[in-house]
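Q: only geometry, no sequence info:
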């Protein structure tokens, strides 16, 4: 009889894996324009303030605020228009007492002015004179020097995942090259005599390879580079040779299938020969995906995934995704979209394990409902038909219909 494995909680298993990973993160310097979704390996610092000059936030007139005090529609202040502040260059005019200058949004404030009156709060009496019908305070409708960023200010921390607005911010500071973590390369091997390539027509007893492609998608989504290594049959020596080659050419390795306790399952023994310390966890208290293997071999993470597509997807999202982020130095990865919804059916669970239930979101009368998509863990289209996962905590007996639950979106 095969020896049963001892399960760990998902949190304990991931912590054990991370405790054995290398701390150093390989880096590279790339164009900021192509750094979207990359992880920073340095802290960029502002060389200059932003804005670098006082600028208007409105179309209107640059004025001395004191000249508008007490102005109302019934008793407006009258100012002489001394000229216009041109866009894209420093104005040559000066705003003196009782004067105003035409200014546009983003234009540089002329010398002598300390506020901007919105054009809607003014009225022209002649070509050279305006009425100001509401007073402004010093600094009103003006972006001051360094109001956005001060010179010498750190802009973003090491380990930050770069978003579109971050790219724009760095460009605004003239930072066109940036140091980021290298994208981890993840080798992926499918195993099993019954597994064939998707292009082939399955014969009785055969199934097309699904996991290579779902895991590749998860790896790429997390910022890694998937390196599929093909399908290896149920032969220990061939699998060991293929695993060694794949791990040598990558920063991490995923073996799909062969993790269940079975006389034909060799993944655990293969992994233990890839390097030290080897297998750290064989069995995690989750459903689906209990027979998961987590290992580190000579500093590189190695995963043994169940063959069932749903199990592989759940385990991949739970362990491979955060590991790929960790390998980029990103301890706080992007927050995955989660949504509150009302559960449509009772869902049973067993205390002592974390259950992942696929759900489809349906809107009814302005409220989201989470409808479970039930099916066994070898049915890939239970995932295809789903919008996300309902996570039932390790100490829960289940969730009742009508309860508000949190859905982790795909």
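A: Great, that's in hand. This one's a predicted model, so the numbers in the text were calculated from it and none came from an experiment.
Q: helix, strand or coil for residue 278?
A: At residue 278 the chain is in strand, as set by DSSP: H, G, I helix; E, B strand; the rest coil.
Q: can you check residue 15 too?
A: On the basis of three-state DSSP, residue 15 is classed as helix.
Q: please begin residue numbering at 312 from this point
A: Got it, the first residue is 312 from now on, which makes the last one we talked about residue 326.
Q: now it: how far from residue 333?
A: Residue 326 is 16 Å from residue 333, where distance means CB to CB, to the nearest Å. Placement of C-beta: from N, CA and C, glycine included.
Q: run through the strands of the stretch 512-661 of the chain in chain order.
A: Remark: strands of the stretch 512-661 of the chain, listed N- to C-terminal, are 518-519, 536-543, 563-567, 588-593, 597-598, 604-608, 611-616, 649-654, 658-659; assignment by DSSP state E, counting those that start in this stretch.
Q: determine which stretch of those strands is the most buried.
A: Highest mean neighbour count among these (mean count of other CB atoms under 10 Å): strand 563-567, with a mean of 29.
Q: for it, what is the average pLDDT?
A: Averaging pLDDT along strand 563-567 gives 97.
Q: what packs against it?
A: If contacts are counted by 3 or more CB pairs under 8 Å, 6 or more residues apart in numbering; DSSP states H and E, strand 563-567 sits against strand 496-502, helix 522-532, helix 547-559, helix 578-583, strand 611-616, helix 632-638.
Q: tell me the average confidence for the fourth one?
A: It stands for helix 578-583. Averaging pLDDT along helix 578-583 yields 94.
Q: from residue 518, how far off is residue 512?
A: 12 Å.
Q: let me fix that: residue 546
A: 18 Å.
Q: same question for residue 427.
A: 69 Å.
Q: check residue 443 too.
A: For residue 443, the distance to residue 518 (CB to CB) stands at 78 Å.
Q: any buried residues in the helix or strand of the chain with the lowest mean pLDDT, and which?
A: Across the helices and strands of the chain, mean pLDDT, DSSP states H and E gives its lowest value to helix 692-695, namely a mean of 81. Buried residues in helix 692-695, counting neighbours by 16 or more other CB atoms under 10 Å, are found at 693-694.
Q: contact partners of it?
A: With CB atoms under 8 Å, 6 or more residues apart in numbering as the test, helix 692-695 has contacts from 525, 620-621, 624, 669, 684-686, 721.
Q: so how far is it off the chain centroid?
A: Here helix 692-695 is found 23 Å from its chain centre; the criterion is CA atoms, centre = their mean, to the nearest Å.
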